[in-house]
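Engineer: Sequence plus predicted model, see below.
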Amino acid sequence: MHNPITRLLLNLGHALDHMFMLIFATAVTSIATEYGIQRWEDLMPYSVAAFFCFGIGSLPVGKLGDQWGRRPMMIIFFAGIGAAAILVSLTTSPIQLALALAVLGCFASIYHPIGVPMLVQGEQRPGWAIGINGLAGNLGLAAAAIVTGFLIKYFSWRMAFLVPGIASLVCGVLFAMYATRESASPAKKKVSGGGNAGISIAKVLLIMTMASTAGSALFNFSTSSNYELLTNRFQQISQDPAYIGALLAAVYAVASLTQLVVGNLLDKYSLKILFIGVIAAQVAFLVLSTMTDGWGFYAVQFLFMATIFGAVPFNDAIIVRFVDDSMRSRIAGMRLAISLGASSIAVWLIGPVVKQAGFTALLWVMAAISVVTLIVVGNLPNTPKPSKS
């Protein structure tokens, strides 16, 4: 079991991780204007390397976490992502920006294969712990929307990277001082014998990776386009960046509560049934979003983001349920490297799709991805209540 400060910093790390990966998408219009690029869509592809590194970096990170230790990797995470954000704030051209964002993506890749397995070590209610952690991550998205919006309005887009960067460095110092120390690296500990006998781990990992890839693509499509999407749907209401940022932050904050509900239910009911229910609702709300505008769209945005966020805890829950702690970081790293690496193409596609076909087409693409996820999840084996971690 971890001390309260360790839990707080691990959850705060998740918030910072998602916040940093969304600042660019929120500030893209201001950055494009400063760099003399007429359309924000033309600048979006410069962030693809960041998302690719965010995914592919999970592979070596997971191995290091299990074999070297999760605590030192988290210290590197806080220090590295903070320094990288400060580096982004100092760039003066699109190429420099792309390279600095790629460095940020490399350090951001540390959190998920390290932070989540570290958090659930010894937890009696892993589903609840995952739910709280997921809520923290999505509050980071909300912070990215509102903090970036206000910093752009009153200062500049550079401050939107600089201020959180400094905050992350402070967290790194606190983590080094107060985080629970490991008696040995996870790979050197005795295997606990966890998992579910009679169920093919290879099959589960294949299904999990496919579902995670589709879910990550959907997550990237939504979070990286929501600011401009809401701006587009609110053309007759407001174009104030701070106002739009506050509205989007409210969506993220409220929708994130779904993860607490899902986390609580995961400790009590069948993972498969819950997963199918969330994805089915996701399909319905995304289709509905294509038919609405203005405040009507804003209401539906709460609903489809709630289901997108609500689906996130399932992949971590699958790992906790089927994989022993001694190798969770490696398994998580493999899954994330494939799913996040492949889904990084979603960020590249946002600009071209919106430029050529508009936001309604983008929403239909998201609905189609959700249908694919539903089909894949239907192949998961039925699972009992999770064993204690």
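Structural biologist: Done, it's in. Numbering: from 1, shown residues only.
Engineer: from here on, contacts and neighbour counts on C-alpha atoms
Structural biologist: Will do.
Engineer: Run through the stretch 201-350 of the chain and note the low-pLDDT ranges.
Structural biologist: 201, 238, 324-326, 340-349 (pLDDT under 70).
Engineer: mind listing what's buried in stretch 270-282?
Structural biologist: Ser270, Leu271, Lys272, Phe275, Ile276, Val278, Ile279, Ala280, Ala281, Gln282 (16 or more other CA atoms under 10 Å).
Engineer: again, but for stretch 167-185
Structural biologist: Residues of stretch 167-185 classed as buried by neighbour count (16+ other CA under 10 Å): Ser168, Leu169, Cys171, Gly172, Leu174, Phe175, Ala176, Ala179, Thr180, Ser185.
Engineer: Need the max-distance pair from the buried residues of stretch 270-282.
Structural biologist: Spanning the widest gap among the buried residues of stretch 270-282 are Ser270 and Gln282, at 18.7 Å by CA to CA.
Engineer: ok, so of the buried residues of stretch 270-282, who is nearest Ala160?
Structural biologist: Taking CA to CA as the measure, Ala160 lies nearest Gln282 of the buried residues of stretch 270-282, at 31.2 Å.
Engineer: Tell me who's in contact with that closest one.
Structural biologist: Taking CA atoms under 8 Å, 6 or more residues apart in numbering, we find Gln282 in contact with Phe304, Thr307, Ile308, Ala367, Ser370.
Engineer: How about Ala84?
Structural biologist: Ala100, Leu101, Val103, Leu104, Phe107, Gly165.
Engineer: Among these, which lie within helices?
Structural biologist: Ala100, Leu101, Val103, Leu104, Phe107, Gly165 (DSSP state H).
Engineer: how about the contacts of Ala84 in JSON lines, adding distance to Met74?
Structural biologist: Output for the contacts of Ala84, formatted as JSON lines (distance: CA to CA, whole Å):
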{"residue": "Ala100", "distance to Met74": "20"}
{"residue": "Leu101", "distance to Met74": "19"}
{"residue": "Val103", "distance to Met74": "16"}
{"residue": "Leu104", "distance to Met74": "15"}
{"residue": "Phe107", "distance to Met74": "10"}
{"residue": "Gly165", "distance to Met74": "15"}
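Engineer: Go through those residues and name the one nearest Gly263.
Structural biologist: For these, the minimum distance to Gly263 (CA to CA) is 26.7 Å, reached by Phe107.
Engineer: Between which two of the contacts of Gln282 is the distance greatest?
Structural biologist: Maximum pairwise distance in the contacts of Gln282, criterion CA to CA, is 12.0 Å, between Thr307 and Ala367.
Engineer: Give the other helices and strands that the host helix or strand of Ile146 contacts.
Structural biologist: In this assignment (DSSP states H and E), Ile146 forms part of helix 126-154. On a contact count with 3 or more CA pairs under 8 Å, 6 or more residues apart in numbering; DSSP states H and E, helix 126-154 meets helix 4-34, helix 111-120, helix 157-178, helix 241-266, helix 294-322.
Engineer: how about a cut-off of 6 Å?
Structural biologist: Here helix 126-154 touches helix 4-34, helix 241-266, going by 3 or more CA pairs under 6 Å, 6 or more residues apart in numbering; DSSP states H and E.
Engineer: Show me which positions of it end up buried.
Structural biologist: By 16+ other CA under 10 Å, the buried positions in helix 126-154 come out as 126-152.
Engineer: What angle do helix 294-322 and it make with each other?
Structural biologist: Helix 126-154 runs at 140 degrees relative to helix 294-322, counting by axes from the mean of the first three to the mean of the last three CA atoms, to 10 degrees.
Engineer: Can you check what angle separates helix 126-154 from helix 241-266?
Structural biologist: Using the same axes, to 10 degrees: helix 126-154 against helix 241-266 is 180 degrees.
Engineer: what comes up buried for the lengthiest helix in the chain?
Structural biologist: Longest helix in the chain by number of residues (criterion: DSSP H): helix 201-233. For helix 201-233, burial by neighbour count (16+ other CA under 10 Å) applies to 204-205, 207-233.
Engineer: neighbours of the closest residue in space to Ala255 that isn't next to it in sequence, just the number please.
Structural biologist: Leaving aside its sequence neighbours, Ala255 sits nearest to Ala306 (CA to CA, 6 or more residues apart in numbering; 4.1 Å). Look at Ala306: counted by other CA atoms under 10 Å, it has 24 neighbours.
Engineer: cool, and Gln356?
Structural biologist: Count around Gln356 with other CA under 10 Å applied: 9.
Engineer: same thing with the one 3 residues further on?
Structural biologist: A count of nearby residues for Phe359, using other CA under 10 Å, gives 21.
Engineer: Against Leu205, how distant is the residue nearest to it when sequence neighbours are not counted?
Structural biologist: Spatial nearest neighbour of Phe359, excluding adjacent residues (CA to CA, 6+ apart): Leu229 at 6.6 Å. Leu229 sits 34 Å away from Leu205, going by CA to CA, to the nearest Å.
Engineer: ok, now Leu266?
Structural biologist: 18 Å.
Engineer: do the same with Gly131
Structural biologist: For Gly131, the distance to Leu205 equals 21 Å [CA to CA].
Engineer: what's the answer for Ala280, then?
Structural biologist: Ala280 sits 22 Å away from Leu205 when distances are taken as CA to CA.
Engineer: Gln239 now?
Structural biologist: For Gln239, the distance to Leu205 - CA to CA - is 44 Å.
Engineer: wouldn't Ala179 be in contact with Arg7 here?
Structural biologist: No - contact criterion CA atoms under 6 Å: Ala179 and Arg7 do not qualify, at 8.5 Å.
Engineer: Show the backbone phi and psi for Gln124.
Structural biologist: Dihedral pair for Gln124: phi -80, psi -30, per degrees, to the nearest 10.
Engineer: on that earlier part again, most neighbours among the ones in helices among the contacts of Ala84, which one?
Structural biologist: Using other CA under 10 Å as the neighbour criterion, Leu104 leads the ones in helices among the contacts of Ala84 with 29 neighbours.
Engineer: Give me the nearest residue to it, chain neighbours excluded.
Structural biologist: Of all residues not flanking Leu104 in the chain, Ala84 sits nearest, at 4.9 Å (CA to CA, 6+ apart).
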